[in-house]
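In: Provided below are the primary sequence and the corresponding predicted coordinates.
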Amino acid sequence: MSRTKIAELLRTEPTGTEVLVKGWVKAFRNNQFIALNDGSCAANIQVVVDHENTDPALLDRIKFGAAIGARGALIESQGKGQKVEIKASEIIIYGDCNPEEYPLQPKKQTLEYLREIAHLRFRTNTFGAVFRVRHALAYAIHKFFNDRGFYYLHTPVITASDAEGAGEMFRVTTLDLDKLPRTEGGEIDFDQDFFRRPTNLTVSGQLEAELGAMALGEVYTFGPTFRAENSNTTRHLAEFWMIEPEVAFNDLVDNMDLAEDMLRYVIGYALEHCADDLKILEERLVEEEKSKPQDQRSEMALTDKLRFVIDNRFERLTYTEAIDILKNSNPNKKGKFQFPVEGWGTDLQSEHERYLVEKHFKKPVILTNYPAAIKAFYMRQDEPKEGVPGPTVSAMDILFPGIGEIVGGSQREERLERLVQRMRDMHIPEAELYWYLDTRRFGSCPHAGFGLGFERLVLFVTGMTNIRDVIAFPRYPGNAEF
Ligand code: 4AD
Ligand code: MG
């Protein structure tokens, strides 16, 4: 007899047919009622043990966390809260779980503690919900792009380029760090390294995605990316997953429309397919926020917030317009910003982004046309515009409530001369990126794309508050456990 998953059993009518379930014990009440979970859904199934006909030694081994199987009739539940239950005729113990030693306990444990035992935290209701929602979002992203005729492109994880030009890279080498080979001039001899050149883990698949888009038209990547930035925050990881669509013939407006459609679609998908898990996460958030002062609690329940994002167009404005709003804002005038907004040209801090999204517009915001000086070399240079103090690029950042930047993208500079000039100005090695420049030499065309930080999306949809709690095994400064 093969096992049936609990998600399926809970949808089945109680006909008395014999079924087999396998899972982990969540609770065992009155030496009779087992709440069993197998990960297929948030809910448990109730297994009723016939304790008169079951060996007491076996009953003793039904402990919180133990892996067991139960065979018996699927009947209408006598108790409240569930439609069906299993009247067990046989219990099988697969793996015992000693409650004296088990790091998980059947009570509330802090997220900080659970992070230390991330190898076991999947077993909690909260993390079960988080990882089911994470899966649904990943699937929805593939479905969104596939339904629109995009091709999924696998860009390399090991690369010799720094796509963002920010230098925050993890080196990849097989050289013996204890005795690095040196050239006659005393430099590290990369000729002896595996790839015969310095290489690193990718910070973005964008440059390669652009190459694909120049023939396949519409592509996207969805893979791990790595940043050695020393940001010990609740929004940054050293290893995170990024979705990067790249579309030939798209301009900045098309790019914003695509990003907005995608976010709406995937959030809607989660609302439709993860209702039970989102309910658990919504209740968790309410509990967490009870310890906060009233004015710092969310104004909306989690699922209301998700619905709000789907139902309202994002606010679109330029960086220059945003600076004006921020300069004249109350917190700026009253000296409440840690970084006062003085003038045009500086990067926005997360407190500024959050003011715009959470206080001023009260909805997601797309900021465009940032100063060229604070953006990457590949972004398309705008024509000078009256009222805009300096050169700008066709960049767009999408800012979300509670998250800040969730998407970063741009129309790309497709004009060879202007791109080369900008690379020179920014000391980006032209010779190494000859292949990137070739797309501008041969059949260049306007195109645009963006990067969605997957964990930031999962953070938003699950209502979790620390990015380390939405990826199975987070990598951050000082931590590469598991
Ligand atoms: O804004 P970023 O750096 O843009 C790029 O990498 C472009 N190549 C994307 C493109 O146009 N194809 O990163 C894109 C997004 C950010 O908006 C953020 O959501 C996420 O990636 N992100 C991070 N997420 C977690 N931890 C980090 N350290 C992150 N850095 C960026
Ligand atoms: Mg960015």
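Out: Okay, I see it. Ligands and ions are numbered 1, 2, ... in the order given.
In: contacts, neighbours, all on C-alpha from now
Out: OK.
In: list the contacts for residue 403?
Out: 235, 354, 456, 459, 460 (C-alpha atoms under 8 Å, 6 or more residues apart in numbering).
In: what do you get for residue 179?
Out: Applying C-alpha under 8 Å, 6+ apart, no residues contact residue 179.
In: give me the element it is part of.
Out: Assignment of secondary structure by DSSP states H and E places residue 179 within no helix or strand.
In: per-residue confidence at it?
Out: Looking at residue 179, its pLDDT is 94.
In: how far away is it from ligand 1?
Out: Counting by C-alpha to the nearest ligand atom, to the nearest Å, the separation of residue 179 from ligand 1 is 32 Å.
In: then residue 324?
Out: Residue 324 is 23 Å from ligand 1, by C-alpha to the nearest ligand atom.
In: one more: residue 190?
Out: Residue 190 is 27 Å from ligand 1, by C-alpha to the nearest ligand atom.
In: measure that residue to residue 367 for me?
Out: 42 Å (C-alpha to C-alpha, to the nearest Å).
In: residue 230 too?
Out: To residue 367, residue 230 is 25 Å away according to C-alpha to C-alpha.
In: between the two, who's got more neighbours?
Out: Remark: of residue 230 and residue 367, residue 367 carries more neighbours, 23 against 13, as counted by other C-alpha atoms under 10 Å.
In: ok, now which ones touch the more buried one?
Out: For residue 367, the contacting residues are 316, 317, 318, 319, 322, 395, 396, 397, 398, 399, by C-alpha under 8 Å, 6+ apart.
In: and the host helix or strand of the first one, what's buried?
Out: Element membership of residue 316 [criterion: DSSP H and E] is strand 315-318. Under the neighbour-count criterion of 16 or more other C-alpha atoms under 10 Å, strand 315-318 has 316, 318 buried.
In: does residue 402 count as helix, strand or coil?
Out: With DSSP: H, G, I helix; E, B strand; the rest coil as the basis, residue 402 sits in coil.
In: surely it meets residue 460?
Out: Yes. Contact criterion C-alpha atoms under 8 Å: residue 402 and residue 460 qualify, at 7.5 Å.
In: residue contacts, the nearest residue to residue 282 once chain neighbours are set aside?
Out: Using C-alpha to C-alpha, 6 or more residues apart in numbering and skipping residues adjacent in sequence, the residue nearest residue 282 is residue 302, 5.3 Å away. Counting by C-alpha under 8 Å, 6+ apart, residue 302 makes contact with 278, 281, 282, 285, 461, 462, 463.
In: can you list those residues in a markdown table and add pLDDT and neighbour count?
Out: Converted to a markdown table, the contacts of residue 302 look like this (pLDDT from 0 to 100; neighbours: other C-alpha atoms under 10 Å):
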| residue | pLDDT | neighbour count |
| --- | --- | --- |
| 278 | 98 | 24 |
| 281 | 98 | 24 |
| 282 | 98 | 20 |
| 285 | 96 | 19 |
| 461 | 98 | 24 |
| 462 | 98 | 29 |
| 463 | 97 | 23 |
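In: contacting ligand 1 as well, which ones from the residues you listed?
Out: When the contacts of residue 302 are checked against ligand 1 using C-alpha under 6 Å from any ligand atom, none falls in range.
In: which members of the residues you listed are the farthest-apart pair?
Out: 285 and 461 (11.6 Å; C-alpha to C-alpha).
In: contact residues of the stretch 101-250 of the chain facing ligand 1?
Out: Counting by C-alpha under 6 Å from any ligand atom, the stretch 101-250 of the chain sits next to ligand 1 at 204, 206, 227, 235, 236, 237, 238, 240, 242, 244.
In: can I get these in a markdown table with pLDDT and neighbour count?
Out: Formatted as a markdown table, these follow (pLDDT from 0 to 100; neighbours: other C-alpha under 10 Å):
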| residue | pLDDT | neighbour count |
| --- | --- | --- |
| 204 | 97 | 27 |
| 206 | 98 | 23 |
| 227 | 96 | 21 |
| 235 | 95 | 18 |
| 236 | 96 | 22 |
| 237 | 97 | 24 |
| 238 | 97 | 22 |
| 240 | 98 | 20 |
| 242 | 98 | 23 |
| 244 | 98 | 25 |
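In: export the residues you listed to a markdown table and tack on secondary structure?
Out: Output for these, formatted as a markdown table (three-state DSSP):
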| residue | secondary structure |
| --- | --- |
| 204 | coil |
| 206 | helix |
| 227 | coil |
| 235 | coil |
| 236 | coil |
| 237 | coil |
| 238 | coil |
| 240 | strand |
| 242 | strand |
| 244 | strand |
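In: closest to residue 182 out of those residues?
Out: Nearest to residue 182 among these is residue 227, at 27.4 Å by C-alpha to C-alpha.
In: what are the buried residues along stretch 346-357?
Out: By neighbour count on 16+ other C-alpha under 10 Å, the buried set for stretch 346-357 is 348, 352, 353, 354, 355, 356, 357.
In: and stretch 20-32, by the same measure?
Out: Neighbour-count burial for stretch 20-32 [16+ other C-alpha under 10 Å]: 20, 21, 22, 23, 24, 25, 26, 27, 28.
In: got it, and stretch 221-233?
Out: Quick answer for stretch 221-233 (16+ other C-alpha under 10 Å): 221, 222, 223, 224, 225, 226, 227, 228, 229.
In: related to what we said a few turns ago, so which of residue 402 and residue 460 has more stuff around it?
Out: residue 460 (22 against 17).
In: so who does the more buried one touch?
Out: Applying C-alpha under 8 Å, 6+ apart, we find residue 460 in contact with 402, 403.
In: quick one: secondary structure of it?
Out: Assigned with three-state DSSP, residue 460 falls in the helix class.
In: ok, now how distant is it from residue 231?
Out: For residue 460, the distance to residue 231 (C-alpha to C-alpha) stands at 19 Å.
In: what do you get for residue 480?
Out: Residue 480 is 15 Å from residue 231, where distance means C-alpha to C-alpha.
In: so who does the residue in the stretch 101-250 of the chain that ligand 1 sits nearest to touch?
Out: Nearest residue of the stretch 101-250 of the chain to ligand 1: residue 236, at 3.5 Å (C-alpha to the nearest ligand atom). By C-alpha under 8 Å, 6+ apart, residue 236 lies in contact with 467, 476.
In: residue 224 too?
Out: 157, 239, 240, 241, 242.
In: could you report the neighbour count for the first one?
Out: Residue 157 is flanked by 15 other residues according to other C-alpha under 10 Å.
In: in which helix or strand would I find residue 366?
Out: Going by DSSP H and E, residue 366 is part of strand 365-371.
In: hmm, I typed the wrong one, I wanted residue 253.
Out: helix 252-273.
In: for this structure, which spans come out with low pLDDT?
Out: Within the chain, no range satisfies pLDDT under 70.
In: roughly how far apart are the residue positioned nearest the centre of the chain and ligand 1?
Out: For the chain, the residue nearest the mean C-alpha position is residue 455 (1.5 Å; C-alpha atoms, centre = their mean). Distance check for residue 455 against ligand 1: by C-alpha to the nearest ligand atom, it reads 6 Å.
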